[in-house]
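In: sequence plus predicted model, see below.
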Amino acid sequence: MKKMKLAAVLIAIIVLGTACAGKAEETSAAAETEAVIEATEEAETSEEEDKAAEESQEAADTASEDEDEALAEETARVLAKALKESIDEITPEDLAIAVAYPCYVGVGKDGETVKNEEEFLAIDPSQYLTEELKEAIKAADTDSIEWTEAGLVVGAPEGTPNVVFGLSADGTVGITGINP
């Protein structure tokens, strides 16, 4: 906006300077000056409209993000309840369907991140589907768990073992972490 005003002032000075050269040019210089002033006002109005539109879009994006997070939380809660109800009968194949890839699985020394169902099913289920994890999930109060930045953490109140339901990078809601 400052550049536009500076340009308008410079154009006005040039136009006025040439206007001093003769009376015949005075009418033309006045018209040119008026045109520059109108163009500057239009540019300022356009900038204000653009700024208002940008602020409106940011507000819409924020509302959309809030709605998306609420929907993700609701979906995660439904998945958590389903896992809780079926944990004693669940198979690795069943669990693989509920996983949102990539998913962290806390097995081995440092755990591993699996990128797809094939990698997930390659892990020995006895390493992550432990009795402790099953008991922690059964004992979890899925109605009162708070949604966190990581998602919905279902399991032992002290931390692990647990299963984390969250959003994957592509926006899929599912299990994003298993911590036996």
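Out: Sure, I can see it. The model shown is predicted, which means the values in this text are computed figures rather than measured ones.
In: partner residues bridging the closest residue to residue 76 other than its chain neighbours?
Out: Of all residues not flanking residue 76 in the chain, residue 165 sits nearest, at 3.7 Å (Cβ to Cβ, 6 or more residues apart in numbering). The C-beta positions use only the backbone N, C-alpha and C, and glycine is treated the same way. Bridge pairing for residue 165 (DSSP bridges) gives the partners residue 152, residue 175.
In: correct me, but residue 165 touches residue 150?
Out: No. Assessed by Cβ atoms under 8 Å, residue 165 is found out of contact with residue 150, at 9.3 Å.
In: got the buried residues for stretch 157-170?
Out: Of the residues in stretch 157-170, 161-167 count as buried by neighbour count, 16 or more other Cβ atoms under 10 Å.
In: how about stretch 124-143?
Out: 125, 128-129, 133-134, 136-137, 140, 142.
In: in helices, which of the residues you listed fall?
Out: Counting by DSSP state H, the part of the buried residues of stretch 124-143 found in helices is 125, 128, 133-134, 136-137.
In: any idea which of these is closest to residue 155?
Out: residue 136 (4.1 Å; Cβ to Cβ).
In: distance of the closest one from residue 76?
Out: Remark: distance between residue 136 and residue 76 (Cβ to Cβ, to the nearest Å) = 17 Å.
In: may I see the buried residues of stretch 157-170 organised as JSON lines, with pLDDT and distance to residue 115 added?
Out: Compiled in JSON lines, the buried residues of stretch 157-170 are given as follows (pLDDT from 0 to 100; distance: Cβ to Cβ, whole Å):
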{"residue": "161", "pLDDT": "96", "distance to residue 115": "23"}
{"residue": "162", "pLDDT": "96", "distance to residue 115": "21"}
{"residue": "163", "pLDDT": "97", "distance to residue 115": "18"}
{"residue": "164", "pLDDT": "96", "distance to residue 115": "17"}
{"residue": "165", "pLDDT": "96", "distance to residue 115": "18"}
{"residue": "166", "pLDDT": "94", "distance to residue 115": "16"}
{"residue": "167", "pLDDT": "91", "distance to residue 115": "16"}
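In: show me the two of those that sit farthest apart.
Out: Pairwise distances across the buried residues of stretch 157-170 peak at 21.6 Å for 161 and 167 (criterion: Cβ to Cβ).
In: quick one: low-confidence residue ranges for this protein.
Out: Within the chain, the ranges that satisfy pLDDT under 70 run 1-47, 49-63.
In: how about a cut-off of 80?
Out: Scanning the chain for pLDDT under 80 picks out 1-66.
In: related to what we said a few turns ago, return the member of the buried residues of stretch 124-143 nearest to residue 113.
Out: When the buried residues of stretch 124-143 are ranked by distance to residue 113 (Cβ to Cβ), residue 128 comes first, at 13.1 Å.
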